[in-house]
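> following is a predicted model, sequence given first.
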Amino acid sequence: MGSGAIRRRLALGLAVLTASGLLAVAAPAEAHAAALCPGRKVRTLPFSTGAVVVYKRGGYVCAVTLAGKPGAKRLMSVSVRARGGRPVVDEGRYKRHAGPVTVHAGRRCVWVKGRVGAGSVSSGWILC
């Protein structure tokens, strides 16, 4: 095997390792949310300091707010409100995530909100 073939194989191996490393860094937050909420992921609502991940299973909707940079405790919240109902809220000082919160929405629309520190998101009526 020539030195050119060896270099190509080394470059390919390095590219694969780099890509898998990047996925390992980006995936833990989403994987953590999946462990907290049952069902399939239907939305991710990103904002400047984090994201709200929304899951649905049967007639239930579950949401978790994830910090973009976990670390020191700071004010976080997540809420889900089915149309015609009251919001279910989790708010407090957390390091990684607020929630999960779950509501029975049936076939009704839901409104999801999340906050991490000064950043926040509000979905409007979704999943109608």
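That came in fine, so what should we check first? Residues are numbered from 1 along each chain as shown.

> where's the residue nearest the centre of the chain, which helix or strand?
Central residue of the chain (CA atoms, centre = their mean): V53, 3.6 Å from the mean position. Element membership for V53 (DSSP states H and E) is strand 50-57.

> before we move on, back to that, from G84, how far off is the residue nearest to the centre of the chain?
Per CB to CB, to the nearest Å, V53 is found 24 Å from G84. C-beta coordinates here come from the backbone N, C-alpha and C atoms, glycine included.

> picking up where we left off before, partner strands of the strand holding V53, with direction?
Sheet pairing of strand 50-57 (DSSP bridges) gives strand 40-47 (antiparallel), strand 60-67 (antiparallel).

> hang on, the earlier thing: isn't the residue nearest to the centre of the chain up against V64?
Yes. The criterion here is CB atoms under 8 Å, and V53 meets it with V64 at 5.4 Å.

> so in the chain, where's the weakest helix or strand by average pLDDT?
helix 3-36 (a mean of 51; mean pLDDT, DSSP states H and E).

> what residue ranges in the protein score low on pLDDT?
1-34 (pLDDT under 70).

> give me that answer again for 50
12, 14-27 (pLDDT under 50).

> circling back: what's in contact with the strand holding V53?
29-30, 33-34, 37-45, 61-68, 76, 78, 80, 110, 112-114, 116, 119, 121, 123, 126-127 (CB atoms under 8 Å, 6 or more residues apart in numbering).

> what is the burial count for T44?
12 (other CB atoms under 10 Å).
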